[in-house]
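# after the sequence you'll find the predicted model.
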Amino acid sequence: MEKWLFLVLLCPLLPAPVRPHEPVPLPAVVFGVCLGIGTGGFIWNFFSSGESCKELEEVDIADLQEDLENRLFGQHLAKGITLQALSGFLRNENPSKALAISFHGPTGTGKNYISQIIARHIYPEGMKSRYVHQFVSTLHFPHVQHLDTYKDQLQKWIRGNVTACKRSVFIFDEVDKMHPGLINAIKPFLDYYDYLERVDYRKAIFIFLSNTAGEVISKLALDFWKAGKVREDIKLSDVEHQLSLSAFNKNNSGFWHSSLIDRHLIDLYVPFLPLEQQHVKMCIKREIMDRGIIVDVELISKVANDMTYYPKDEKVFSVKGCKVVSTKLNLYLLPTIMDRPRNLNIFSGFFNFVSWVFWGICSSISNFFHFVFWAIFSLFLNIFYIISWVFWGICSSISNFFNFVFWAISSLFLNIFYIISWVFWGICSSISNFFNLVF
Ligand SMILES: Nc1ncnc2c1ncn2[C@@H]1O[C@H](COP(=O)(O)OP(=O)(O)OP(=O)(O)O)[C@@H](O)[C@H]1O
Ligand SMILES: [Mg+2]
């Protein structure tokens, strides 16, 4: 669904503006706004994958050519034919049928690789694009007994996707392992119909990959090499007829007696030549550059020499093409990584030194502040201490003063009363003695 249409449909679901009766706390507002933006972004990303069906847009053929020149090695035929076929087909507003190309050749020669490059140039998301569909026979159609179900599902899948986007790309891998009956199920979509059940399939692209005729192609390339001819002189006409014959007649081919070939529905048979050591070296160099490592000629030679070549005596072609280049390179890069501790030591030593310097600076700053605060605090403490002593001195002096004064006054009073009591006692006892004497 178009993202704009989706957003318009969402509009009725939007809540009516709400005016709060009470002031809303600021954190709640911020949280609400963030939640809203986050949810909106998620919905937007979910429904807009950023790509659209390329029905009318042109593919940059010059860009595709440049990419093929830089990335696909030793395949002058495949490069030339594919470019020509695609540029003609993609520019044609009204093609008579869907494009059907069949890539043939020995293992590791770039059949999947070129399909990925093509897909990426039509849809930037490449093999991840929702308009590019890859089927692998052994994965998607493994059981012969389910053939009818597979046929039905495959036809529905193709119909559904071409209805959604006319410029859909379908890649069938391991066609040599695919049941001929299943291949025949694709036939109506490749035929010369303007519309089939109201669906127009003429802008779709079908790519078939297989090892069928791999030996034929390898033999032809070897014959050229033995005759001292330049590989680039091999023409499509040298191999095309043999290719279609081999695809049609070999009973281990998925195309075996298939009506696709019978009715000439495959537009092009593209041969992939076996790769020589020079091409393997180019693959290694490309892999090294892609990994962002400095190109080392010695490393390239080591990896290339580690590959197996055939025929046994001449060792001309790589048995696995460029297929295991990445894995082999890993094996040679591993010791280099293991050697690194020396370099890492310098680095770790440097960072260690930096960390110590940093620690020294930080701890000095900390100590400085510690000292300053300590001095200030202890000064304050001492001041208060002195103040408290002075205060204590004053208070205790006052207290002693009062203590003394009260003691003096109180003892004076006591003595007065004592004297009075004695005087009173003297008077009273004199009176008493007088009366005692009289009585
Ligand atoms: N001609 C080539 N130029 C550059 N790289 C290549 C070439 N052929 C193969 N490679 C490298 O080898 C890897 C494997 O190749 P790819 O999967 O295309 O082989 P294939 O022809 O499909 O083999 P198979 O028949 O076994 O499926 C690619 O991802 C790519 O990195
Ligand atoms: Mg492959």
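It's in. Numbers count the residues shown, from 1 in each chain. Ligands and ions are numbered 1, 2, ... in the order given.
# look up the closest residue to the residue of the stretch 301-439 of the chain found nearest ligand 2, ignoring the ones flanking it.
Closest to ligand 2 within the stretch 301-439 of the chain is residue 323: 8.4 Å, counting by CB to the ion. From N, CA and C alone the C-beta is placed, and that goes for glycine too. Nearest non-adjacent residue to residue 323, counting by CB to CB, 6 or more residues apart in numbering: residue 108, 3.0 Å away.
# might one say that the one you found is in contact with residue 275?
Yes - at 7.3 Å, residue 108 counts as touching residue 275 under the criterion of CB atoms under 8 Å.
# about what we covered before: give the contact list for the residue nearest to residue 323.
275, 318, 320-324 (CB atoms under 8 Å, 6 or more residues apart in numbering).
# highest neighbour count among the residues you listed?
residue 275 (31 neighbours; other CB atoms under 10 Å).
# and the closest residue to ligand 2 within the chain, what does it touch?
As assessed by CB to the ion, ligand 2 sits closest to residue 112 within the chain, at 3.9 Å. Shown in contact with residue 112 (CB under 8 Å, 6+ apart): 173, 209.
# where does it sit: helix, strand or coil?
Classification of residue 112 by DSSP: H, G, I helix; E, B strand; the rest coil places it in helix.
# flag every residue of the stretch 51-200 of the chain that's near ligand 1.
By CB under 6 Å from any ligand atom, the residues of the stretch 51-200 of the chain that approach ligand 1 are 71-75, 107-113.
# how about a cut-off of 8 Å?
Within the stretch 51-200 of the chain, the positions lying close to ligand 1 (CB under 8 Å from any ligand atom) are 71-75, 78, 103, 105-116, 173-174.
# hang on, the earlier thing: so for residue 108 and residue 275, which residues contact both of them?
318, 321-322.
# of these, closest to residue 351?
Residue 351 lies nearest to residue 322 out of the shared contacts of residue 108 and residue 275, by CB to CB, at 39.5 Å.
# the closest one against residue 278, yeah?
No - shown here, residue 322 and residue 278 do not form a contact pair, counting by CB under 8 Å, at 11.6 Å.
# contacts only, for residue 318.
With CB under 8 Å, 6+ apart, residue 318 has these contacts: 108, 274-277, 279-280, 307-309.
# and residue 141, by the same measure?
135, 147, 150, 154, 178-179, 182.
# quick one, which of those are buried?
In those, burial by neighbour count holds for 135, 150, 154, 178-179, 182, counting by 16 or more other CB atoms under 10 Å.
# for those residues, give me JSON lines that also has distance to residue 404.
Compiled in JSON lines, these are given as follows (distance: CB to CB, whole Å):
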{"residue": "135", "distance to residue 404": "116"}
{"residue": "150", "distance to residue 404": "120"}
{"residue": "154", "distance to residue 404": "120"}
{"residue": "178", "distance to residue 404": "123"}
{"residue": "179", "distance to residue 404": "126"}
{"residue": "182", "distance to residue 404": "124"}
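# restricted to strands, list the residues you listed.
Of those, the ones assigned to strands by DSSP state E are residue 135.
# now, which of the buried ones among the contacts of residue 141 lie within helices?
Among these, the members found in helices (DSSP state H) are 150, 154, 182.
# residue numbers of the chain in contact with ligand 2?
111-112 (CB under 5 Å from the ion).
# worst-scoring helix or strand of the chain, pLDDT-wise?
Scoring the helices and strands of the chain by mean pLDDT, DSSP states H and E places helix 3-10 at the bottom, with a mean of 52.
# hmm, back to that, what's the most distant pair in the contacts of residue 141?
135 and 147, at 14.2 Å, using CB to CB across the contacts of residue 141.
# pull the distance from stretch 416-431 to the chain's centre.
From the chain centre to the centre of stretch 416-431 is a distance of 117 Å (CA atoms, centre = their mean, to the nearest Å).
# for that stretch, buried residues please.
Buried residues in stretch 416-431 (16+ other CB under 10 Å): none.
# equivalent analysis for stretch 77-96, please.
So, applying 16+ other CB under 10 Å, buried residues of stretch 77-96: 77-79, 81-83, 85-87, 89-90.
# what are the contacting residues of it?
58-59, 61, 64-65, 68-69, 72, 99, 101, 103, 110, 114, 118, 122, 192, 202-203, 205, 234-236, 239, 267-268, 270-273.
# mind checking which of those residues are buried?
The buried subset of the contacts of stretch 77-96 - by 16+ other CB under 10 Å - is 59, 61, 64-65, 68, 72, 99, 101, 103, 110, 114, 118, 122, 202-203, 205, 234, 236, 239, 268, 270-273.
# let's see which of the residues you listed end up in helices.
61, 64-65, 68, 114, 118, 122, 236, 239.
# and the residue of the stretch 151-300 of the chain nearest ligand 1?
Closest contact between the stretch 151-300 of the chain and ligand 1, by CB to the nearest ligand atom, is at residue 283 (4.4 Å).
# what helix or strand is that residue located in?
Using DSSP states H and E, residue 283 sits within helix 277-290.
# next structured bit after that helix?
Counting by DSSP H and E, what follows helix 277-290 is helix 297-305.
# any low-confidence regions in the stretch 51-200 of the chain?
Applying pLDDT under 70 to the stretch 51-200 of the chain flags residues 56-57.
# and residue 211, how many neighbours?
By other CB under 10 Å, neighbour count at residue 211 equals 21.
# quick check: it touching residue 107?
Yes - Residue 211 is within contact range of residue 107, at 6.3 Å (criterion: CB under 8 Å).
# before we move on, the earlier item: and the angle for the helix holding residue 283 with helix 297-305?
130 degrees (axes from the mean of the first three to the mean of the last three CA atoms, to 10 degrees).
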